[in-house]
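A.B. asks: After the sequence you'll find the predicted model.
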Amino acid sequence: MPEQSYDAVVIGAGPGGYPAAIRLGQLKVKTAIIEREYMGGVCLNVGCIPSKAVIHAAKMYDKMSHAGDMGIGIAGKPTLDMKQLQTWKGGVVGKLTSGVRTLLKGNGVDIIDGTAKLEGSGPEGHRISVQTKAGARTVIARNVVIATGSRPMEIPGFRVDQGRVIDSTGALALDAVPARMVVIGGGYIGLELGMVYAKFGTKVTVVEATPNLLGTMDKDCVAVVQRKLRKLGVEVMLETKAKGWEDKGDRATLGVELAGGKGAASIDADKILLSVGRRPNTEGIGLEAVGVALDKRGFIAADDHLRTNVAGIYAIGDVIGGMMLAHKATKEGEVVAEIIAGHEAAFDVRTIPAVVFTDPEIAATGLTEEEARAQGHATLKVGKFPFAALGRALSVNDTDGFVKVVADGATGELLGVHIVGNGASDLISEAALAIEMGAVADDLRLTIHPHPTLSEAVMEAAAAALGEAVHIINR
């Protein structure tokens with residue numbers, strides 16, 4: 001096939017790459033996108049979307065088991081068909097991935113299914129070889145957007161084989177519920193999936209090397225999730241290091257080093273879920289051939305215009321580090337498209353919300369109390385409003401958690417909002433908008449929120465920060 005030339009080529013069709021390509025197409029930039037495996041990336045295929053489908057199923061299963069609290073009778077315990085769950089989950093994924101292809105084509109983007117590698121740069125642009133099922137081909141791009149994402153990390157002694165040792169992809173594909181599971185890593189992925197299987201009846205043990213679960217989240221919010229973990233029978237071992245495992249035939253035996261030098265212990269498991277973070281996909285794509293620089297952690301170095309050190313080569317998403325979140329990558333994809341098209345744009349945001357889809361959910365945007373003080377805010381106004389005092393939460397029988405508002409004590413400027421509870425993932429966007437616009441706590445307090453809704457907790461927490469809450473005693 002003869003060489004083809006494009007104004008822009010996007011490498012990777014995940015939640016950063018495909019929005020970048022779509023926006024480039026909308027801006028009439030001649031664009032191609034190259035994807036080696038998953039149209040829609042890890043997020044749509046084996047990450048964000050399928051995990052939330054399984055999390056929803058587990059929450060429904062758990063709630064059905066307690067429906068008697070509301071006078072709803074179910075004959076016997078609800079049954080679980082994991083094969084049917086996998087079929088349903090696959091249908092959700094299929095609808096979204098096919099939609100991505102339709103959107104790309106509808107915006108005039110050429111889709112190339114294959115593995116891309118940068119081969120060099122010249123006056124005509126950047127040369128990219130693509131290995132497709134039909135053979136090798138070459139494309140030339142004036143601009144290249146690297147959106148190759150990330151993959152789960154491994155640790156010594158725990159090679160993922162999707163048999164005994166699985167990663168998040170393997171955990172989402174199980175067609176039978178294991179009796180025992182050890183989760184190595186107390187971050188968001190490990191806890192989300194660990195809680196799923198605990199609800200399905202698995203005996204789950206979480207092994208975390210640091211002193212805290214979900215170390216970047218508000219400690220008060222994490223405490224609520226820890227109570228739910230105990231209620232589900234999940235054992236949490238903090239400051240404990242996984243050292244290796246042995247195959248005993250009918251089980252795996254995991255060796256751990258206990259906290260405080262208290263010796264070693266072993267844990268039997270049917271599955272070991274490795275969830276210790278993610279690493280960028282920077283190998284094998286030819287970065288060295290064109291001289292793209294990496295930082296000391298192996299991520300591509302990019303500025304607020306998503307430019308690398310090589311003219312005409314940009315990078316977005318997990319591959320440049322920072323908060324490794326799909327919505328951050330999407331925003332970066334849209335920004336880089338504007339820049340390539342010649343528009344004035346930059347990745348300039350005050351806050352990026354983050355969500356942990358545990359039960360209850362945790363959502364956060366802005367600073368925690370500790371971060372705010374460390375950044376020089378001498379006095380703070382902090383308000384908390386519990387869902388247990390909220391009519392809507394009581395009426396849906398889901399009262400765990402609260403909303404916390406952190407504001408500057410002198411100016412009232414909103415610095416952070418932290419939510420743990422039912423619907424936290426949907427409530428946090430109001431807070432992100434408020435911080436992005438430079439709102440003060442009074443802006444949230446004075447905004448009329450509909451009743452009865454969960455969103456009233458945001459208004460009430462802001463009022464509590466000012467000592468003016470109506471539905472709790474002010475402190």
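C.D. replies: That came through fine.
A.B. asks: Let me see the contact set for Phe347.
C.D. replies: Residues near Phe347 by C-beta atoms under 8 Å, 6 or more residues apart in numbering: Asp304, His305, Leu306, Lys331, Glu332, Val335. To be clear about C-beta, it is placed using only N, CA and C from the backbone, and glycine gets the same treatment.
A.B. asks: Of these, just the buried ones, ChimeraX syntax please.
C.D. replies: Under the burial definition 16 or more other C-beta atoms under 10 Å, those of those that qualify are selected in ChimeraX by:
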select :306,331,332,335
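A.B. asks: For the nearest residue to Gly263 once chain neighbours are set aside, report the pLDDT, please.
C.D. replies: In space, and not counting its chain neighbours, Gly263 is closest to Glu257: 7.9 Å by C-beta to C-beta, 6 or more residues apart in numbering. At Glu257, the pLDDT value in this model is 95.
A.B. asks: thought Glu257 was touching Lys241?
C.D. replies: Yes. Counting by C-beta atoms under 8 Å, Lys241 is a contact partner of Glu257 at 4.4 Å.
A.B. asks: Find residues that contact each of these two.
C.D. replies: Common neighbours of Glu257 and Lys241 (C-beta under 8 Å, 6+ apart) do not exist.
A.B. asks: In helices, which of the contacts of Phe347 appear?
C.D. replies: Among the contacts of Phe347, DSSP state H puts Lys331, Glu332, Val335 in helices.
A.B. asks: correct me, but the last one touches Val349?
C.D. replies: Read it as Val335. No. In terms of C-beta under 8 Å, Val335 does not count as a neighbour of Val349; the distance is 9.6 Å.
A.B. asks: List the buried residues of the strand or helix carrying Val139.
C.D. replies: According to DSSP states H and E, Val139 maps onto strand 135-146. Neighbour counts over strand 135-146 (16+ other C-beta under 10 Å) mark Arg137, Val139, Ile140, Ala141, Arg142, Asn143, Val144, Val145, Ile146 as buried.
A.B. asks: Now do the strands in the stretch 51-200 of the chain.
C.D. replies: Here the stretch 51-200 of the chain has its strands, by DSSP state E, counting those that start in this stretch, at 110-113, 115-122, 125-132, 135-146, 150-152, 165-166, 180-184.
A.B. asks: The stretch 201-350 of the chain too?
C.D. replies: 203-207, 235-237, 241-247, 252-257, 264-269, 271-274, 278-280, 313-315.
A.B. asks: Of those, which stretch is the most buried?
C.D. replies: Highest mean neighbour count among those (mean count of other C-beta atoms under 10 Å): strand 313-315, with a mean of 27.
A.B. asks: and it, how far from the chain's centre?
C.D. replies: Mean-position distance between strand 313-315 and its chain equals 22 Å (C-alpha atoms, centre = their mean, to the nearest Å).
A.B. asks: Show me what that strand packs onto, helices and strands only.
C.D. replies: strand 135-146, helix 326-340 (3 or more C-beta pairs under 8 Å, 6 or more residues apart in numbering; DSSP states H and E).
A.B. asks: change it to 6 Å
C.D. replies: Judged by 3 or more C-beta pairs under 6 Å, 6 or more residues apart in numbering; DSSP states H and E, strand 313-315 is in contact with strand 135-146.
A.B. asks: domains of this protein?
C.D. replies: 4-151+279-340, 165-276, 354-465 (automatic domain parsing).
A.B. asks: So the residue positioned nearest the centre of the chain versus Gly194, what's the distance?
C.D. replies: Nearest to the centroid of the C-alpha atoms of the chain, with distances taken as C-alpha atoms, centre = their mean, sits Leu325, at 4.8 Å. Distance, Leu325 to Gly194, by C-beta to C-beta, to the nearest Å: 20 Å.
A.B. asks: Distance of Gly122 relative to Ala289?
C.D. replies: 12 Å.
A.B. asks: Which of those two has more residues huddled nearby?
C.D. replies: Ranked by neighbour count (other C-beta atoms under 10 Å), Gly122 and Ala289 place Ala289 first, with 14 against 9.
A.B. asks: Would you mind confirming that the more buried one makes contact with Lys117?
C.D. replies: No. With contact defined as C-beta atoms under 6 Å, Ala289 does not count as touching Lys117 (7.9 Å).
A.B. asks: just for this protein, where's the confidence low?
C.D. replies: Residue ranges of the chain with pLDDT under 70: 1.
A.B. asks: Let's see that with 90 instead.
C.D. replies: For the chain, the stretches with pLDDT under 90 are 1-3, 65-69, 74-78, 259-262, 475.
A.B. asks: Show me where the chain has its helices.
C.D. replies: Shown for the chain, the helices assigned by DSSP H span residues 17-26, 41-46, 48-65, 82-106, 168-171, 188-199, 219-231, 287-290, 326-340, 369-374, 391-395, 424-436, 441-446, 456-465.
A.B. asks: Just put the ones you listed in a markdown table and tack on distance to Ile473.
C.D. replies: Formatted as a markdown table, the helices of the chain follow (distance: least, C-beta to C-beta, whole Å):
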| stretch | distance to Ile473 |
| --- | --- |
| helix 17-26 | 47 |
| helix 41-46 | 43 |
| helix 48-65 | 31 |
| helix 82-106 | 44 |
| helix 168-171 | 43 |
| helix 188-199 | 33 |
| helix 219-231 | 18 |
| helix 287-290 | 59 |
| helix 326-340 | 37 |
| helix 369-374 | 21 |
| helix 391-395 | 17 |
| helix 424-436 | 23 |
| helix 441-446 | 17 |
| helix 456-465 | 10 |
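A.B. asks: Out of the ones you listed, which gets nearest to Val182?
C.D. replies: helix 188-199 (9.3 Å; C-beta to C-beta).
A.B. asks: counting contacts, what elements does that closest one pack onto?
C.D. replies: The contact analysis (3+ C-beta pairs under 6 Å, 6+ apart) places helix 188-199 against helix 48-65, strand 180-184, strand 203-207.
A.B. asks: what about 10 Å?
C.D. replies: Counting by 3 or more C-beta pairs under 10 Å, 6 or more residues apart in numbering; DSSP states H and E, the packing neighbours recorded for helix 188-199 are helix 48-65, helix 168-171, strand 180-184, strand 203-207, helix 219-231, strand 271-274, strand 354-356.
A.B. asks: So what sits opposite Val355 in the bridge?
C.D. replies: Counting by DSSP bridges, Val355 forms beta bridges with Ala363.
A.B. asks: Quick check, it in contact with Tyr188.
C.D. replies: Yes. The pair Val355 and Tyr188 qualifies as a contact (C-beta atoms under 10 Å) at a distance of 8.4 Å.
A.B. asks: returning to what we had before: give me the common contacts of Ala289 and Lys117.
C.D. replies: Here Ala289 and Lys117 have Arg127 as joint contacts, going by C-beta atoms under 10 Å, 6 or more residues apart in numbering.
A.B. asks: which neighbours do Val355 and Tyr188 share?
C.D. replies: When contacts are counted by C-beta under 10 Å, 6+ apart, Val355 and Tyr188 are jointly contacted by Ile362.
A.B. asks: on that earlier part again, JSON lines for the domains of the chain, including distance to Asn474?
C.D. replies: Converted to JSON lines, those look like this (distance: least, C-beta to C-beta, whole Å):
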{"stretch": "domain 4-151+279-340", "distance to Asn474": "32"}
{"stretch": "domain 165-276", "distance to Asn474": "18"}
{"stretch": "domain 354-465", "distance to Asn474": "6"}
